[in-house]
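1. Quick one, what's the 3D model for this:
(one chain, ligands or ions: 1)
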Amino acid sequence: MGKQGVKRVTLAYSGGLDTSVIARWLIENYDCEVICFVADLGGRKLDSDFLREKAKNSGAKKVVIKDVKEEFVKDFILPALKANALYEGAYPMATSLGRPLIAKWLVEVAHQEKADAIAHGCTGKGNDQVRFEVAARALDPKLKILAPLREWELKTRDEEIEYAKRYKIPVTATKKSPYSIDQNIWGTSIECGILEDPWIEPPLDAYQDLFPIEKTPNRPEYIVIQFEKGVPIALNGVKMKTIRIIEKLNQIGTKHGIGRIDMVENRVVGIKSREIYEAPAAIILLNAHKQMESLTLDRETMHFKETIAPRYAELIYYGLWFTPLREALDAFVEKTQERVTGEIRLKLYKGNCIPVGRRSPYSLYSLALATYDIGDQFDHSSAKGFIDIFGLPSRVISAIEMKMKKR
Ligand code: ARG
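-> Numbering: from 1, shown residues only. Predicted coordinates:
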């Protein structure tokens, strides 16, 4: 037993056709035992009875289902929020952030179950294979990694269905969505089908929950988000766990059509792909957090922090979560959040999330300095000397240029 020394594998399992067929295929081709692992990262409710049953039908020896939502929020979403991480300025990276966490638990379960390999159902041209494997390598370089989709002979969905039938794996009768969807509490990623034409507007059935703008309420809704050291701690004056705030903002934002993202993005493997996302809570919180920072961070810290945000997002997107650079950047970001405390008021209306108010006990905004009305304490007379010196290089350059033109 055990091709290539693989005796037992933990498989990242979803209950879909791909991973169900993979379970059987691993047993047949590697002559090994398969332990299916399912991570619950929020979004849709998991049906654990269905998953257990389905995995067993595919030949799995054991099924491990783990709720990792709290860990996802605390160790992955919050650092990304504090860093204002958006890939290519737009995508809050629900999928990208979830992968290293799933990989961490795949490795953990492999250790618990004394497995010698892990397996996943990612294709050979996506980002997720990179994220799973780079993370798993960082956590345990000795574990073997199997990626059947890159290896097997099944070329089409129909061939997979044939294979499933041959091994009596029940193929769920529901009509297959024309899209490939990945969902968790930080957002939903949708690709494939008609979306592969970047000129075509996503049809109504493409967005999974988000209301079309045409169907959103005609009245705006105001919300207040309270932060403490960069962490959302209350919504509309009610203290609650960040995870609850995210869940609530997903509901509220969905209704107002907020967090709709339609982009062509650069994948790690070099391909450009068109993908759409819905991420109501992520977009609202990222927006609010940035506003909190503009009130409470000094200019130099804020501007420097802005330069590392895209870099931090790249690390997440590229699957480089378990790396020294990410840890070092986290330490920097954490330090900047010491006074990112206060409240942001937002107006939600027809797909827009508009900041309309902010306050903080650590506000660096000084009315006495900013006002154009009475009570102004800014020293206007010292502005002249400041500008003389600040503009000195420009004066010197200009003098040289004039001299050169005369020659
Ligand atoms: N492009 C996104 C990322 O790389 C999502 C990938 C998964 N998307 C999906 N629809 N299954 O993070």
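2. Could you tell me which residues of the stretch 51-200 of the chain lie near the ligand?
-> For the stretch 51-200 of the chain, the residues in contact with the ligand under the definition C-beta under 6 Å from any ligand atom are 93, 95-96, 127-128, 180-182, 189-191. C-betas here are computed from N, CA, C, even on glycine.
3. For these, pick the one with the most neighbours.
-> residue 96 (26 neighbours; other C-beta atoms under 10 Å).
4. I'd like the mean pLDDT over the helix or strand hosting that residue, please.
-> In this assignment (DSSP states H and E), residue 96 forms part of helix 94-112. For helix 94-112, mean pLDDT is 98.
5. go on, stretch 72-84?
-> Throughout stretch 72-84, pLDDT has a mean value of 98.
6. before we move on, back to that, for the residues of the stretch 51-200 of the chain next to the ligand, which one is nearest residue 20?
-> Distance to residue 20 across these (C-beta to C-beta) is lowest for residue 180, with 15.9 Å.
7. How about the closest one, nearest residue that isn't a chain neighbour?
-> residue 192 (4.4 Å; C-beta to C-beta, 6 or more residues apart in numbering).
8. all helices of the stretch 301-407 of the chain, in order?
-> 324-336, 367-370, 380-390, 392-406 (DSSP state H, counting those that start in this stretch).
9. The ligand is nearest to which of the ones you listed?
-> Closest to the ligand of the helices of the stretch 301-407 of the chain, according to C-beta to the nearest ligand atom: helix 324-336, at 16.1 Å.
10. and the angle for that closest one with helix 94-112?
-> Counting by axes from the mean of the first three to the mean of the last three C-alpha atoms, to 10 degrees, helix 324-336 points 120 degrees away from the direction of helix 94-112.
11. Quick check: next helix or strand after the helix holding residue 96?
-> Criterion used, DSSP H and E; the element after helix 94-112 is strand 117-119.
12. I'd like to know the average pLDDT value across the helix or strand just after that next one.
-> Beyond strand 117-119 in the direction of the C-terminus, DSSP H and E gives the next helix or strand as helix 128-139. Computed over helix 128-139, the mean pLDDT rounds to 98.
13. Starting from residue 292, give me the distance back to the closest residue to residue 84 other than its chain neighbours.
-> In space, and not counting its chain neighbours, residue 84 is closest to residue 309: 4.6 Å by C-beta to C-beta, 6+ apart. Distance, residue 309 to residue 292, by C-beta to C-beta, to the nearest Å: 15 Å.
14. Spatially, what comes nearest to residue 22 if we skip its sequence neighbours?
-> residue 148 (4.8 Å).
15. pLDDT score assigned to that neighbour?
-> 97.
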